[in-house]
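>>> here is the input, now give the coordinates:
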Amino acid sequence: MRLYRVMFLLTCFLVSGEELAQGAPSCSGPLKTDIQINYCAGKADAKANQKLNQVYQSLIQKMKSSGNGSMIPELRESEISWLHFRQKFCYMEGSQFQGGSIQPMIENNCDEALTKQQAANLADLEKSLSE
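Numbers count the residues shown, from 1 in each chain. Okay, here's the model as predicted:
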């Protein structure tokens, strides 16, 4: 597991007493602390990943129902390759801030942006199977 992911998880658990009393940091309104910023970046990344997984599953079902089931192994292989690319690319992007409190946010924002783009790509592919 990459160090920044561990740092992110620890950051989520090591909230200040005030934030702990209020529950999870709020992601609406201005973000004032590194804890809030990193927590909200991770939350947005997780939401994008959830959407990608939904689009991916929908695409697999569309491939099966449209007689394109033979494409599924290629889709799976390409998604695994894409996940490796995303991991390495976003780690590289964040590594310029190695050890800094901003590194998890940079990497999570990168993950989120690439994941949203990939979800759009898969949704476009699904639409093309309907035509």
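>>> show me the contacts for the residue most central in space within the chain.
Centroid-nearest residue in the chain, with CA atoms, centre = their mean: Asp45, separated by 3.6 Å. Residues in contact with Asp45 (CB atoms under 8 Å, 6 or more residues apart in numbering) are 108-109, 111-112, 115. Heads up, the C-betas are built off the backbone N, CA and C, glycines and all.
>>> for ChimeraX, what selects the buried ones among those residues?
Here is the ChimeraX command that selects the buried residues among these (16 or more other CB atoms under 10 Å):
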select :108,109,111,112,115
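>>> in CSV: the contacts of Asp45, plus pLDDT.
Output for the contacts of Asp45, formatted as CSV (pLDDT from 0 to 100):
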residue, pLDDT
Asn108, 96
Asn109, 96
Asp111, 98
Glu112, 97
Thr115, 98
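>>> I'd like the contacts of Asp45 as CSV, with secondary structure and distance to Glu79 appended.
Supplementary listing: the contacts of Asp45 in CSV, determined by DSSP: H, G, I helix; E, B strand; the rest coil; distance: CB to CB, whole Å:
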residue, secondary structure, distance to Glu79
Asn108, helix, 20
Asn109, helix, 21
Asp111, helix, 15
Glu112, helix, 17
Thr115, helix, 11
